[in-house]
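Student: Fold the following, please.
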Amino acid sequence: MSKSTRVRAGVAVTAVAVMVAVAGCQSEGSAAGGGKATTGAVKAQAAPATEVIAAAYKKTAEAKSARVTMTMETPGTGPDAGTIEMSGVMGWGPTVMDVTMSGTALASDPEGPEQVRMVWINNVMYMDMGAASAKEMDGKRWMKLDFAAIAKASGDAKAAEAMAGGLENMNQDPAQQLGILLESPSLKHVGSEKIGGIPTEHYKGRLTLEEMLKSNKSLAVLSAKERTDLLAAMKKSGLKAYDTEVWVNADSYPVKMDIGMDTPEGTVRVTASYTDYGVKTDVQAPPAGQTADVFKMLGDLAAVGQGADGGPGA
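Tutor: Modelled structure (predicted):
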């Protein structure tokens with residue numbers, strides 16, 4: 001396997017790490033009732049915070065799609081540190097995405113692409129690594145990552161079910177994020193603000209790790225011990241709490257969301273802006289002949305390394 005091929009596989013894995021990190025910011029939290037939608041910023045300000053966010057949850061869930069511009073900032077000095085910017089169209093129910101990613105977190109290797117187009121459909125992620133990659137990989141410019149297939153191949157039914165639930169969370173569905181915010185005991189109205197010239201009402205809330213795990217329905221397949229172990233592992237990693245802020249417009253749609261996770265290295269922050277709710281999504285998987293399976297590539301690379309060390313196949 002050439003160095004360039006390894007670089008492209010590495011970039012793909014880095015992009016996945018970013019998406020998984022962002023996915024950790026959300027779950028399938030359920031809305032608390034179906035609050036009556038407000039008709040303007042003044043009414044939103046007067047209504048209880050839970051009523052406004054519940055109404056926003058309902059409308060956002062029904063919209064099923066939007067255009068998104070997102071920035072993720074990860075502190076520290078590790079390979080995942082830096083900034084990722086993402087923009088494009090996304091849909092939920094079913095999960096689809098067609099976005100372009102760029103930023104310093106993808107530029108850890110000078111041979112990697114400056115930006116990557118990412119398509120998500122049928123629980124499979126495809127990343128366009130560019131024409132240069134196609135020339136070096138028999139026309140295969142797309143890296144394919146099929147997580148559900150890997151989980152299924154493991155023979156672990158629980159792992160496969162948990163993976164499927166986790167994949168549903170990776171599409172940055174704003175309705176799910178609103179569902180989480182509704183679970184916050186500290187949810188409150190901050191004030192009236194204009195975002196990009198649009199009048200909005202600002203709300204915020206904070207959840208502990210325990211509250212986050214309780215609201216994450218994708219973890220329902222885990223036993224009580226497994227959930228306890230997961231909580232212990234998350235605490236050991238230094239993750240402390242989860243903060244969500246949202247700006248809701250007069251039509252009860254979230255215009256902006258700001259999510260922060262406190263870690264020992266600092267705050268991991270995800271800021272997203274949403275427009276064009278209900279936009280048509282026509283996401284297509286790339287031709288099979290233009291895709292290369294990243295997990296197979298990494299497996300082949302591991303086999304080569306094992307052989308070089310005198311292991312099986314040497």
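Student: any low-confidence regions in the stretch 1-150 of the chain?
Tutor: Scanning the stretch 1-150 of the chain with the threshold set as pLDDT under 70 gives 1-46, 78-80, 105-112, 150.
Student: what ranges do the strands span in it?
Tutor: Counting by DSSP state E, counting those that start in this stretch, residue ranges of the strands within the stretch 1-150 of the chain are 65-74, 82-91, 96-102, 115-121, 124-128, 142-145.
Student: what would those strands look like in CSV with mean neighbour count and distance to Gln284?
Tutor: In this view, the C-beta of every residue, glycine as well, is placed from N, C-alpha and C. Listed next are those as CSV, based on neighbours: other CB atoms under 10 Å; distance: least, CB to CB, whole Å:
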stretch, mean neighbour count, distance to Gln284
strand 65-74, 20, 15
strand 82-91, 20, 12
strand 96-102, 19, 8
strand 115-121, 20, 7
strand 124-128, 21, 10
strand 142-145, 24, 12
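Student: Ok, which of these comes nearest Lys204?
Tutor: Comparing the strands of the stretch 1-150 of the chain against Lys204 with CB to CB, the closest turns out to be strand 65-74 (18.2 Å).
Student: Paired strands for the helix or strand containing Met257, with orientation please.
Tutor: Element membership for Met257, per DSSP states H and E: strand 254-263. According to DSSP bridges, the neighbouring strands of strand 254-263, each with its direction, are strand 241-248 (antiparallel), strand 266-275 (antiparallel).
Student: Kindly compare burial across those strands and name the winner.
Tutor: Using mean count of other CB atoms under 10 Å, the stretch among the strands paired with strand 254-263 with the largest mean neighbour count is strand 241-248, at a mean of 22.
Student: Identify the residues contacting it?
Tutor: When contacts are defined by CB atoms under 8 Å, 6 or more residues apart in numbering, strand 241-248 is touched by residues 25, 44, 52-53, 56, 177-178, 180-181, 184, 190, 193, 195, 200-209, 212, 254-262.
Student: What distance do you get for the residue lying closest to Gly278 once chain neighbours are set aside to Ile198?
Tutor: For Gly278, ignoring the flanking residues on the chain, the nearest one in space by CB to CB, 6 or more residues apart in numbering is Ala63 at 4.7 Å. Using CB to CB, to the nearest Å, we find Ala63 at a distance of 17 Å from Ile198.
Student: With neighbour numbers in mind, choose between those two.
Tutor: Ala63 (19 against 15; other CB atoms under 10 Å).
Student: Kindly provide the distance from the more buried one to Leu178.
Tutor: The span separating Ala63 from Leu178 equals 12 Å under the rule CB to CB.
Student: coming back round to it: now for the residue nearest to Gly278: which residues touch it?
Tutor: When contacts are counted by CB under 8 Å, 6+ apart, Ala63 is found next to 253, 277-278.
Student: wait, which of those residues is closest to Arg67?
Tutor: For Arg67, the closest of the contacts of Ala63 turns out to be Tyr277, at 8.6 Å, with distances computed as CB to CB.
Student: ok, the closest one to Leu207 distance?
Tutor: According to CB to CB, Tyr277 stands 25 Å off from Leu207.
Student: Mind checking which of these two has more residues around it?
Tutor: More neighbours surround Leu207 than the other of Tyr277 and Leu207, with 23 against 17 (other CB under 10 Å).
Student: Which strand residues bridge that one?
Tutor: With DSSP bridges as the criterion, Leu207 is bridged to Tyr242.
Student: Ok, Val99 next?
Tutor: On DSSP bridges, the residues paired with Val99 through beta bridges are Gly88, Met118.
Student: Generate TSV for the strands paired with strand 254-263, with mean pLDDT and distance to Arg227 as supplementary columns.
Tutor: Listed next are these as TSV, based on pLDDT from 0 to 100; distance: least, CB to CB, whole Å:
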stretch	mean pLDDT	distance to Arg227
strand 241-248	93	17
strand 266-275	92	22
